[in-house]
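Trainee: sharing a sequence plus its predicted fold:
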Amino acid sequence: MPWEKTYQDFDVLDAAMRAFWEHGYQGTSIADLVEATGLNRGSLYAGFKDKRSLYIDTLEHYDRIYRVAFLNQLRQLNDPKAAIMAAFTSVEVGNEDLPGGCLMVNSTLEVAPHDPEIAALVEASMGQVEGFFLECLHRADQQGTLAPGLRPGDTAKVLMGMMVGLLVITRASPQSPAVAPILQQVREILA
């Protein structure tokens, strides 16, 4: 009798994503994934092939559910500089229902240097965040609210670097004294 899937991919990917996000790729065993998803080993392997394939699927799930949806929500704000600031403020505030930091940034540090496919996926996702910053800066420029001489392309890269730094810091120490000065620097760039 052929194997028949009896679970929802979304639920399994979300549970596995949270396990990887909390413990990292190396720190998450198949036993951890079995416990997190409620599936047995055979179902995990039948549905997702191996741990790495599941990890890639969870990164794509994270990107769709968290990054894309969040940035689309921010795009609805009329003030593009407020949209950028809201992205940074959301990192400061965090979400008590989710592990700290960002799964993509965590993957950049842990897995991407050793896996070209994951590196490309992470780079594309982070490029979209930088693209969001650039889009907002161009909108601010068109509205006449961008500081004279501020170069949108370079500024988007600086903001991306600040965002990555903020995500790493808040992952390690959510109450870090470095958070407030980073946010203040973003405010000053956008003033």
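Mentor: Okay, I see it.

Trainee: let's verify Thr28: helix, strand, or coil?
Mentor: Three-state assignment for Thr28 (DSSP: H, G, I helix; E, B strand; the rest coil): coil.

Trainee: can you give me the buried ones in the helix of greatest length in the chain?
Mentor: Using DSSP state H, we find that the single longest helix of the chain is helix 116-142. For helix 116-142, a neighbour-count test (16 or more other C-beta atoms under 10 Å) marks 118, 121-122, 125-126, 129-130, 132-137, 139-141 as buried. C-betas here are computed from N, CA, C, even on glycine.

Trainee: next: stretch 44-55.
Mentor: Buried residues in stretch 44-55, counted by 16+ other C-beta under 10 Å: 44, 47-48, 51, 54-55.

Trainee: quick one: which two of these are the most distant?
Mentor: For the buried residues of stretch 44-55, the farthest-apart pair by C-beta to C-beta is Gly47 and Tyr55; their separation is 13.5 Å.

Trainee: average pLDDT for the helix or strand where Leu59 lies?
Mentor: Using DSSP states H and E, Leu59 sits in helix 51-62. The pLDDT scores in helix 51-62 average 96.

Trainee: helix or strand next in line after that helix, which one?
Mentor: Sequence-wise, the next helix or strand downstream of helix 51-62 (DSSP H and E) is helix 69-75.

Trainee: may I have that following helix as CSV, with CA atoms only?
Mentor: Output of helix 69-75 as CSV, limited to C-alpha atoms (Å, rounded to 0.1, in the frame of the first residue of the first chain):
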residue,chain,number,x,y,z
ALA,A,69,3.9,39.4,4.1
PHE,A,70,5.5,41.8,6.5
LEU,A,71,7.1,44.0,3.9
ASN,A,72,3.9,44.1,1.8
GLN,A,73,2.1,45.3,5.0
LEU,A,74,4.7,48.1,5.4
ARG,A,75,4.4,49.1,1.8
